[in-house]
Structure formats: structure tokens, C-alpha cells
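Student: Return atomic coordinates for the entry below.
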Amino acid sequence: MCGIFACFGEDCDRALCVESALKQVHRGPDDFYCHPVANGLFCFVRLNIMDRSDSGRQPFTFGQYTGMTNGEIYNHKALEEDHKIEPVGRSDCELIPALFEKVGTDLPKLLNGMFATVVVDNKTGKVFIARDHMGIIPLYWGSDSKGRLYVSSEQKCLVGVCERVENFPPRCYYHGPPTMGAVTQWYTMDHWVPAPFTPGGMEEEEVYDRVYNAMYKAVERMLPCDCPSGVLLSGGLDSSLVAAFTRKILGPEHELHTFTIGLENAPDFKFARAVADHIGSIHHEFKYSLAEGIDLVPEVIRKIETPHTTTVRSSTPNYLLGKKIHSLGFKMVLSGEGSDEAWGGYLYFHYAPNNEEFEAEMKDKLELLHYYDCLRANKSMLASSVEVRVPFLDPDLLDVAMTIPIEMKYPKFIKYNGRPIEKGVLRKACDRENLLPASVLWRQKEQFSDSVGYGWIDGLKEHYGAMGTTESEYYHSVYRKLGYADNVLLGGKTVACSTERGASWVPEGTSKDDSGRSVAMVHDSTS
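Tutor: Residues are numbered from 1 along each chain as shown. Sure, this is the predicted structure:
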């Protein structure tokens with residue numbers, strides 16, 4: 001993981017580029033390099049995760065191409081073998097310029113990973129820019145008054161430099177002269193067509209096996225790491241499954257570390273402890289106070305570059321946890337982001353009126369994930385130089401999640417203790433081999449900003465209300481003062497993190513708030 005910054009155009013100012021690139025040094029404090037390329041400059045801040053030697057230092061050059069990549073390419077060894085690429089070192093990103101020479105703009109279609117990459121043809125000056133299938137890795141581009149093109153991992157590097165700043169869209173690439181031209185979509189969700197369902201048929205057991213095996217492989221793919229690593233463990237279903245599969249894959253002798261944070265008496269603590277005891281991890285539990293969290297909100301907004309209410313609420317404890325993890329010497333963690341979007345896990349999904357709306361809501365949530373949870377997971381942890389990997393957004397696991405019969409994903413399909421349960425198909429698929437305690441495997445969905453302690457959201461509302469404002473108004477005022485662009489944001493009515501469509505499903509009188517507790521007729525308190 002790292003931070004990338006590029007400038008293309010006439011007379012790129014090296015001093016300005018270095019100063020701008022170093023605004024994201026938290027993404028890569030281990031090394032910095034500014035490298036001239038055709039008609040421009042590449043600046044790279046490095047976090048030593050894979051191949052910590054100098055041979056892993058970016059950017060990489062192969063023939064006439066120079067490239068730098070932020071992220072992880074999990075299938076790099078298979079690609080190197082298939083395309084007869086002989087790397088100098090062991091970095092998973094070294095193959096990018098060599099592979100681009102061989103396959104051109106088909107490059108992102110071949111990659112299994114999370115990535116934002118820039119490749120320049122040093123003969124023609126053409127540039128190639130691409131971002132992964134879900135926008136797990138952030139990427140922005142912009143232009144200045146002289147028409148120079150800038151590309152950056154974080155928006156803050158472009159403030160005061162560019163007149164125009166935009167998100168570089170996920171699932172897309174650009175190839176052409178160094179301008180903000182038209183992008184091409186390389187990944188679509190068109191192949192996500194749910195299979196037909198026959199009640200009571202043999203296919204149910206086959207579905208459970210497919211889900212279990214895909215989950216296992218997704219976690220396994222993301223474990224290789226050349227530095228100390230662990231798992232974020234909230235005690236909810238998703239992070240607990242990631243932790244349990246990690247233990248199963250690495251074996252009982254591996255020293256597995258897990259990390260939890262919350263206010264005093266947070267619901268997460270007892271469930272996370274139960275999982276840690278069950279899988280035998282070395283568990284680290286951290287507490288923070290309401291005052292500590294509120295004090296850090298402006299800095300959190302500066303780091304995550306969004307004023308979105310739930311993202312700020314959940315990023316603040318994440319930011320604090322990242323600091324603790326970094327202080328213990330860890331550089332990489334696995335997390336449970338992306339599960340609720342792909343498996344219909346939010347509590348408002350209990351009100352989905354039909355198959356078509358249920359499926360459309362999940363797809364829309366995944367399409368928009370880069371504005372919210374992907375952004376939070378990446379930026380709030382990398383603020384303390386900790387990389388986050390997200391097995392639930394593995395493309396193969398997503399394909400399974402989005403093509404099994406839609407009926408099996410409805411909360412009403414499986415009941416536990418007499419009540420419909422969200423993500424029931426995922427729970428039942430993993431209800432084997434003593435993977436998790438039943439109290440966790442069948443625990444109701446709690447959104448992270450709730451489960452760190454109900455007093456967190458309640459305290460934020462009370463604090464900003466006493467100031468004569470609201471959370472949203474205050475967060476937006478901080479965001480604007482930082483000079484960040486409004487056009488990279490997304491808004492709209494929401495209930496418990498829904499889209500506007502999902503918000504229309506819930507009964508009249510439901511609180512219009514991002515908190516999962518707003519779906520009061522479904523939510524059971526675990527405080």
C-alpha cells in the first residue's frame with residue numbers, strides 16, 4: 001500500500017509536486033521517491049508491505065513503460081507465470097508495466113486485487129489510469145490553469161493546485177493524452193444474474209458449499225504479507241468470519257492478533273472476546289471516551305475527505321484504532337467491509353418488497369461503496385499507515401454472492417430463535433466445523449458506529465445540538481474549510497445506510513437516520 005501522485009504537462013513544478021505528494025505521507029512513511037517520466041513526474045510514498053527491500057521500490061519501468069500502483073495484486077504470481085514475466089523482486093505490483101506492454105488496456109480485467117494504477121508510455125507520452133472493480137483504493141484526478149493533468153491517491157494533494165478535481169471512477173480506465181478525457185468502463189455488474197430457486201431442492205446445500213468455499217478462498221488470497229498483520233474484530237458476523245477463516249487457514253500455531261475498539265461497555269467487546277477465545281487469537285481491546293472522539297472529528301474529516309455523517313461516525317473510532325494498531329508495530333489488517341451490501345445485511349432490507357427491488361438495492365449499494373465504506377476503511381486506517389484488505393469484496397466471492405438465488409438472501413428465508421435473520425444464507429453456509437460461537441454467528445446486524453457504543457451517536461447528536469447545529473452541518477462546514485471539492489460527494493435521504501429507494505421501504509414514522517437503530521421494529525438492543 002502507498003500513495004501515488006503524478007503530474008503531466010508542460011513544465012511540471014518538481015518542488016510543488018513533492019510538497020503536494022507529501023501531504024499524503026501517512027499512506028507511505030517508509031520511503032519517498034520523485035521520478036521523471038515522459039512530460040511529467042511520478043511521486044510515490046511507500047508503505048513496505050510486500051517485498052520490503054529496495055527491489056520493491058516504485059515506480060517500476062519495463063521497456064518504454066513506467067508505472068506505479070497503489071494497492072495489492074493478489075494473483076500476480078499466476079499472471080507472471082501465464083505471461084512469462086520475470087520480476088526482479090517480489091513486489092506484487094512490479095508486473096504492471098510489463099503486463100501493460102503485453103495486454104494493453106485489458107490489464108485491469110486480468111487483475112484480482114484492489115488497485116489504482118498509472119502507467120505512462122515514455123515514447124508517446126500517452127497515459128493509462130485505472131481503478132479497481134469496487135473503488136476499494138481511492139483515486140482522484142484534476143487539472144490546473146495551464147491544463148496540466150494531476151493524479152493522486154488523496155484529494156488533499158490537489159487542493160490549491162487544481163482548478164478542477166474529480167473522483168476517478170471505479171471500474172474504469174483512461175488511456176490517451178494527459179488530459180481529463182473520457183473514461184472507459186472495464187468492469188460491469190451485468191453478469192450478476194441470480195439463479196432460479198426451487199424450494200427444498202438439492203441446490204440449497206450446493207449454494208451453502210459454494211458460499212463457504214468462496215469465502216475461504218477470498219480470505220486465503222489476501223493473507224500473504226511481509227510484515228506483521230492481524231484482523232479487525234468487532235464481534236459482528238462479518239469481521240468474525242474473516243478472523244475465523246484466517247485462523248483456519250493459518251493453523252493453530254500461527255500467532256494471530258485481533259483488534260477491537262469501543263466506548264466503555266460497548267456491545268462489541270463481549271462478542272469480540274468470545275470470538276477471540278474461540279479461535280485462540282491474541283486479542284487487543286481499546287477504549288475511547290466520547291470527548292476523545294469528538295475532539296478528533298475535524299482531523300478525521302481532514303484525513304477521510306468526506307463529511308458524510310455515518311462515514312465520519314464510524315471513521316472516528318477506526319482512526320483511533322488505527323493509531324493503536326500502528327503503535328503495536330502492525331502494518332496490515334483484514335476487515336469485514338462490503339458484506340452487508342452484497343448479502344443484504346442492513347436491517348432495512350427486512351422491508352424489501354420484492355426480488356427486483358432487493359437485487360437493485362444491493363447492486364446500487366455496491367456501485368456507491370467507494371463513497372462510503374471503501375473510503376472509510378482505506379483512509380481512516382492509512383491515516384496511521386495501516387493497510388486494510390477486504391475479503392468480502394473479492395471479485396470471485398462477489399460473483400457467488402450476487403448470483404445465488406435471490407430468495408435465499410431474504411431475511412425471511414432463514415429464521416433464528418423465531419425471527420427472520422439478515423444474511424441468513426451466509427450464516428448457515430458457515431455454520432460448520434465449529435467455525436464461530438452460535439452467539440456471534442447468529443448475532444443481529446449492528447452497524448459499526450452503533451456497536452462501538454450507543455452513547456457514541458447519541459453523544460454526537462447531543463454535542464452538536466448544544467452548539468446550535470447538527471452533525472451534518474458541522475461536518476460539512478469543516479469539509480468546506482479544508483477546501484475539498486463538493487462534486488466528489490454523494491447525498492440523499494437514508495435510513496440505516498439505505499439508498500433513497502431503501503428509505504422508501506420502511507414504515508412511516510421511522511427515523512430518517514443512518515443508524516441501524518432507526519429501524520426500531522427490527523433492531524434488538526445488545527447494550
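Student: only C-alpha atoms for contact and neighbour calcs from this point on.
Tutor: Noted.
Student: wait, what's in contact with R273?
Tutor: Contact partners of R273, counting by C-alpha atoms under 8 Å, 6 or more residues apart in numbering, are 235, 283.
Student: To clarify, my last question referred to F115.
Tutor: 69-73, 130-132, 136-137.
Student: With L296 instead?
Tutor: L296 neighbours (C-alpha under 8 Å, 6+ apart): T316.
Student: for it, phi and psi?
Tutor: With angles defined as degrees, to the nearest 10, L296 sits at phi -90, psi -10.
Student: Quick check, pLDDT for it.
Tutor: On the pLDDT scale, L296 is placed at 97.
Student: mind checking how far it is from E471?
Tutor: Shown here: L296 relative to E471, a distance of 14 Å by C-alpha to C-alpha, to the nearest Å.
Student: quick one: I4 is in a strand?
Tutor: Yes - I4 sits within a strand when classified using DSSP: H, G, I helix; E, B strand; the rest coil.
Student: Excluding chain neighbours, what is closest to it?
Tutor: Spatially, and ignoring its direct neighbours in sequence, I4 is nearest to F44 (4.9 Å; C-alpha to C-alpha, 6 or more residues apart in numbering).
Student: Mind listing the residues bridging to Y65?
Tutor: On the basis of DSSP bridges, Y65 is bridged to F62, D121.
Student: so what's the residue most central in space within the chain up against?
Tutor: For the chain, C374 is the residue whose C-alpha lies nearest the centre (C-alpha atoms, centre = their mean; 2.8 Å). Residues near C374 by C-alpha under 8 Å, 6+ apart: 135-137, 337-338.
Student: In the beta-sheet assignment, what are the partners of the residue nearest to I4?
Tutor: Beta-bridge partners, per DSSP bridges, of F44: I4, Y33.
Student: For G142, give its distance to E19.
Tutor: Applying C-alpha to C-alpha to G142 and E19 gives a distance of 17 Å.
Student: These two: which is more packed in?
Tutor: Neighbours were counted for G142 and for E19 using other C-alpha atoms under 10 Å; G142 has more, 24 against 11.
Student: Report the distance from the helix or strand hosting that one to the chain centre.
Tutor: Assigned by DSSP states H and E, G142 belongs to strand 140-143. Counting by C-alpha atoms, centre = their mean, to the nearest Å, strand 140-143 is centred 21 Å from the centre of its parent chain.
Student: picking that back up, of the contacts of C374 - the most surrounded one?
Tutor: Going by other C-alpha under 10 Å, I136 tops the contacts of C374 with 29 neighbours.
Student: Am I right that that one is in a helix?
Tutor: No - read with three-state DSSP, I136 is coil and lies in no helix.
Student: Let's see the pLDDT reported for it.
Tutor: 98.
Student: ok, the residue nearest to F330 when sequence neighbours are not counted to G3 distance?
Tutor: Among residues not flanking F330 along the chain, P228 sits closest, at 4.9 Å (C-alpha to C-alpha, 6+ apart). Distance, P228 to G3, using C-alpha to C-alpha: 20 Å.
Student: Tell me which of those two has more neighbours.
Tutor: G3 (30 against 14).
Student: Wait, that one touches F44, no?
Tutor: Yes - with contact defined as C-alpha atoms under 8 Å, G3 reaches F44; the gap is 5.9 Å.
Student: can you pull out the strands in the stretch 101-250 of the chain?
Tutor: Taking DSSP state E, counting those that start in this stretch as the criterion, the stretch 101-250 of the chain carries its strands at 113-121, 127-131, 140-143, 149-152, 164-167, 172-176, 184-185, 229-232.
Student: Could you export these to JSON lines, including columns for mean pLDDT?
Tutor: Converted to JSON lines, these look like this (pLDDT from 0 to 100):
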{"stretch": "strand 113-121", "mean pLDDT": "98"}
{"stretch": "strand 127-131", "mean pLDDT": "98"}
{"stretch": "strand 140-143", "mean pLDDT": "98"}
{"stretch": "strand 149-152", "mean pLDDT": "98"}
{"stretch": "strand 164-167", "mean pLDDT": "97"}
{"stretch": "strand 172-176", "mean pLDDT": "98"}
{"stretch": "strand 184-185", "mean pLDDT": "98"}
{"stretch": "strand 229-232", "mean pLDDT": "97"}
